[in-house]
Every structure is written in C-alpha cells, then in structure tokens.
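Asker: take a look and give me a structure for this.
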Amino acid sequence: MGEAHEPRSGCPINAAVEVFGDRWSLLVLRDIIFGGRRYFRELQAGSMEGIASNILADRLKRLVEFGLLTREDVRPGQRARYSLTEPAIQLVPVFAQLGSWGARHRPTSSELRAGAEVLEQGGPALWLELMDELRRSHLGSPPAASSS
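Answerer: Model (predicted):
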C-alpha cells in the first residue's frame, strides 16, 4: 500500500474504501475516536472483536501510510502514541451513519447500540462538537470555525 499504491479506479467510493474499507481499519479508528485509545496495547486489550497483534500492527502502519493517523517518534523502550489526522476526524459523520444503519438493520446489543443512538439523535451538531474535541486532543488545535 502506501506511496506507490495506484487505486483500482478513480471512483471516490473506491478511493475511500481502499484506505479504510477493511473491517479492522474501521474498528481501529472507531476505538481511537470513540474509545480514546492511543497506544498499541490499549487498542489490542480494548478490542471487543479480539484483534490479533499482527493485524493491529499492520492496520496501524497502513493508517499512518494513508495519512489517517500519525505515530509519534519515540525513544527505545517508550510506547508510541497514535493521533488522528484531520481526514480521520472528518470520518465522525461516516461512523455516525454506519452506526445508525447497523442499529436499524443488524442484530446489535442494546448496550452498544446506545452510543450509535446518541450520535444519531445528536445529529450534525453533536458530530461537530466531537470533531472539535478530537482536534483539540489529537491535533492540539482550537476548534474549527463554524461554517454556518
């Protein structure tokens, strides 16, 4: 993947799917966005779906290569911390819509469906609020100016 990767087509949906369309990449991003996990061990230990360490390492590497995450350079013996980039933060509405669809059309647990319902009911205003909080905690930047 990475720098020399040519997309299969110029379709925007294909372009997006090639970056984050495998299930593990989306779940890793979900756990960073909604679970506040920033370190490899946190992501692996907190994975509800039981991601294997080799798959997690591969997906983190790919997400960095595709510009959805950054990885802090660390000295030997230190844990690397991952941060969302602006393109990853802009996936919040996509996750909200995926969660809404999944809650309506697939079997889910009521406990885990609650988060999707809160995002759906909060709508774009809540999504923008969450995105601004992610910008502060991951990018160290002030909230984006509202375009409304």
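Asker: can you pull out the low-pLDDT segments for this protein?
Answerer: Scanning the chain with the threshold set as pLDDT under 70 gives 1-5, 142-148.
Asker: mind running it again at 50?
Answerer: Applying pLDDT under 50 to the chain flags the ranges 1-4, 146-148.
Asker: so where do the strands sit in it?
Answerer: Along the chain, the segments classed as strands by DSSP state E run 69-71, 82-84.
Asker: okay if I get those strands as a markdown table plus distance to Gly102 and mean neighbour count?
Answerer: Yep, even glycine has a C-beta here, placed from its N, CA and C like the rest. Shown next, in a markdown table, are the strands of the chain (distance: least, Cβ to Cβ, whole Å; neighbours: other Cβ atoms under 10 Å):
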| stretch | distance to Gly102 | mean neighbour count |
| --- | --- | --- |
| strand 69-71 | 23 | 18 |
| strand 82-84 | 22 | 21 |
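Asker: tabulate those strands (a markdown table), appending distance to Ile51.
Answerer: Rendered in a markdown table, the data for the strands of the chain read as follows (distance: least, Cβ to Cβ, whole Å):
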| stretch | distance to Ile51 |
| --- | --- |
| strand 69-71 | 15 |
| strand 82-84 | 14 |
